[in-house]
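Engineer: just to be clear, the model below is a prediction. Sequence and coordinates:
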Amino acid sequence: MLLTQSSTPVIGWISTLLGYVIDIIFRLLDFAGIQNIGLSIIIFTVFVRLLMFPLTIKQQKFMKINQVMQPEITKIQKKYRNKKDQASMMKQNEEIQAVYDKYGTGPTGGCAQILIQFPIFLAFFNVVRNVPAYIPQVKSIYMSAVTAIQQQSGYVDTINKIADGVNSSYITELPGDATANQVIDVLNYFTADAWNQLADAMPSISNVIANVHQQVAGINNFAFGINVAQAPGFRLSIYLLIPICAALFQFLSTKTMKQPDMGKDNPAAGMTKSMTYFMPLMSAYFCLVAPAGMGLYWATSALFMCIQQIVVNKYMEHADIEKMIEKNRKKAAKKKAKGKKTLMERLTGAAGEADGSG
């Protein structure tokens, strides 16, 4: 295992798995005569989204059913609005659970996609941040320069001095006994100017450094000179296209997602409206500070979700809500027969035990 790969439990394992996937994509593109990390990220994103499509359908079915049952839940919440005692809270939970049972669903019915997507996002962030660690062909390009660099006297001090001028929070200072992988970690975030400084500082191997820089630039440059290893930052440049696109697609994706009518008096309605604008802003900020490759993943994902949502909306418009509810009821009945409790039942039971012990 490469030292630059993530060793974090679970997230690190998923990173390794995703690394294998993007490596295969990169190899297939290379076979077709294309070596490009950005394009590999786009194809990978579409691949992941297609895999998660069944979960998207499930989430939309939950939201469709939620639109029907929300008025009943809102009515119960209004009934107990001013009652904060333990007995009333338990009674409210029981009545809300009865509504969920009636429709064969639960409060966490639409959470599966979010829960699965989050670790994938964190894991893929590791991959994009350390591409050479997960794509052997990319690492081999760097190694041809690192092998020559490590034969130069004082190479660690030279690299650290140049790295100080590179505006990247992902670069850490090399120790005196730096390994080849650690050197690659730093070079991975070098700008064109930093590569030129390195070549000037080591004239005897300047040709090797220049050649590697050219190859690295070729595979990292996605479009319009955007390097997927560089973060856009808070400066005016072509890189701003990525956070702008990410925010725009995130906004469109949220707007195309049909939300249940919760009523004007429901606090959740205001929160949902706020998220419509907060999520795009958060997307833009993240894409400004993260490597452009991660922003490319985020923007592509949001665009695909927007297109996917339009298709799902068309499908849901003709879906038979009664059949969906009946199917949910049967599934819920099977789970209940096996002794499985819903989240609401577990919360109600825990509250009851706490009340009894007090």
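Structural biologist: Sure thing, it's come through.

Engineer: please report phi then psi for residue 290.
Structural biologist: phi -90, psi 160 (degrees, to the nearest 10).

Engineer: how deep is it tucked in, by neighbour count?
Structural biologist: When neighbours are counted by other CB atoms under 10 Å, residue 290 registers 21. Placement of C-beta: from N, CA and C, glycine included.

Engineer: now for residue 143: which residues touch it?
Structural biologist: 180, 184 (CB atoms under 8 Å, 6 or more residues apart in numbering).

Engineer: gap between it and residue 24?
Structural biologist: In this view, residue 143 and residue 24 are 21 Å apart by CB to CB, to the nearest Å.

Engineer: kindly export the helix or strand where residue 50 lies (C-alpha atoms) in PDB.
Structural biologist: Element membership of residue 50, judged by DSSP states H and E, is helix 37-51. C-alpha atoms of helix 37-51 as PDB (Å, rounded to 0.1, in the frame of the first residue of the first chain):
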ATOM      1  CA  ILE A  37      -7.800  13.000 -14.800                       C
ATOM      2  CA  GLY A  38     -10.600  15.500 -15.200                       C
ATOM      3  CA  LEU A  39     -12.400  13.400 -17.700                       C
ATOM      4  CA  SER A  40     -11.900  10.300 -15.500                       C
ATOM      5  CA  ILE A  41     -13.500  12.200 -12.600                       C
ATOM      6  CA  ILE A  42     -16.600  13.100 -14.700                       C
ATOM      7  CA  ILE A  43     -17.000   9.500 -15.900                       C
ATOM      8  CA  PHE A  44     -16.500   8.200 -12.400                       C
ATOM      9  CA  THR A  45     -19.200  10.600 -11.000                       C
ATOM     10  CA  VAL A  46     -21.700   9.500 -13.600                       C
ATOM     11  CA  PHE A  47     -20.900   5.900 -12.800                       C
ATOM     12  CA  VAL A  48     -21.500   6.400  -9.100                       C
ATOM     13  CA  ARG A  49     -24.700   8.300  -9.700                       C
ATOM     14  CA  LEU A  50     -26.100   5.500 -11.900                       C
ATOM     15  CA  LEU A  51     -25.300   3.000  -9.100                       C
END
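
Engineer: now do the helix or strand containing residue 140 against helix 37-51, angle only.
Structural biologist: Residue 140 belongs to helix 136-149 when assigned by DSSP H and E. Helix 136-149 and helix 37-51 are oriented at 150 degrees to each other (axes from the mean of the first three to the mean of the last three CA atoms, to 10 degrees).

Engineer: can you list the buried residues in helix 136-149?
Structural biologist: For helix 136-149, the neighbour count (16 or more other CB atoms under 10 Å) marks 138, 139, 141, 142, 143, 145, 146, 148, 149 as buried.

Engineer: same question, stretch 42-58
Structural biologist: Quick answer for stretch 42-58 (16+ other CB under 10 Å): 42, 43, 44, 45, 48, 49, 52, 55, 56, 57.

Engineer: just the terminal-to-terminal distance for that stretch.
Structural biologist: Distance across stretch 42-58, first residue to last, is 24 Å (CA to CA, to the nearest Å).

Engineer: what's around residue 115, how many residues?
Structural biologist: 10.

Engineer: now it: how far from residue 217?
Structural biologist: Residue 115 sits 38 Å away from residue 217 when distances are taken as CB to CB.

Engineer: show me the shaky parts of this protein.
Structural biologist: Across the chain, the ranges flagged by pLDDT under 70 are 1-7, 108-114, 258-273, 339-358.

Engineer: report the central residue of it.
Structural biologist: residue 121 (2.8 Å; CA atoms, centre = their mean).

Engineer: secondary structure element for that one, which one?
Structural biologist: Applying DSSP H and E as the criterion places residue 121 in helix 112-129.

Engineer: how about that helix as PDB, C-alpha atoms only?
Structural biologist: The C-alpha trace of helix 112-129 is given here as PDB (Å, rounded to 0.1, in the frame of the first residue of the first chain):
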ATOM      1  CA  ALA A 112     -30.400   6.200   2.800                       C
ATOM      2  CA  GLN A 113     -29.000   8.100  -0.200                       C
ATOM      3  CA  ILE A 114     -27.500  10.800   2.000                       C
ATOM      4  CA  LEU A 115     -26.000   8.300   4.400                       C
ATOM      5  CA  ILE A 116     -24.400   6.400   1.600                       C
ATOM      6  CA  GLN A 117     -23.300   9.500  -0.400                       C
ATOM      7  CA  PHE A 118     -21.400  11.100   2.500                       C
ATOM      8  CA  PRO A 119     -18.700   8.500   3.000                       C
ATOM      9  CA  ILE A 120     -18.300   8.200  -0.700                       C
ATOM     10  CA  PHE A 121     -17.800  11.900  -0.900                       C
ATOM     11  CA  LEU A 122     -15.100  11.800   1.900                       C
ATOM     12  CA  ALA A 123     -13.400   8.800   0.400                       C
ATOM     13  CA  PHE A 124     -13.300  10.300  -3.100                       C
ATOM     14  CA  PHE A 125     -11.900  13.500  -1.700                       C
ATOM     15  CA  ASN A 126      -8.900  11.400  -0.500                       C
ATOM     16  CA  VAL A 127      -8.500  10.000  -4.000                       C
ATOM     17  CA  VAL A 128      -8.700  13.400  -5.800                       C
ATOM     18  CA  ARG A 129      -6.300  14.900  -3.200                       C
END
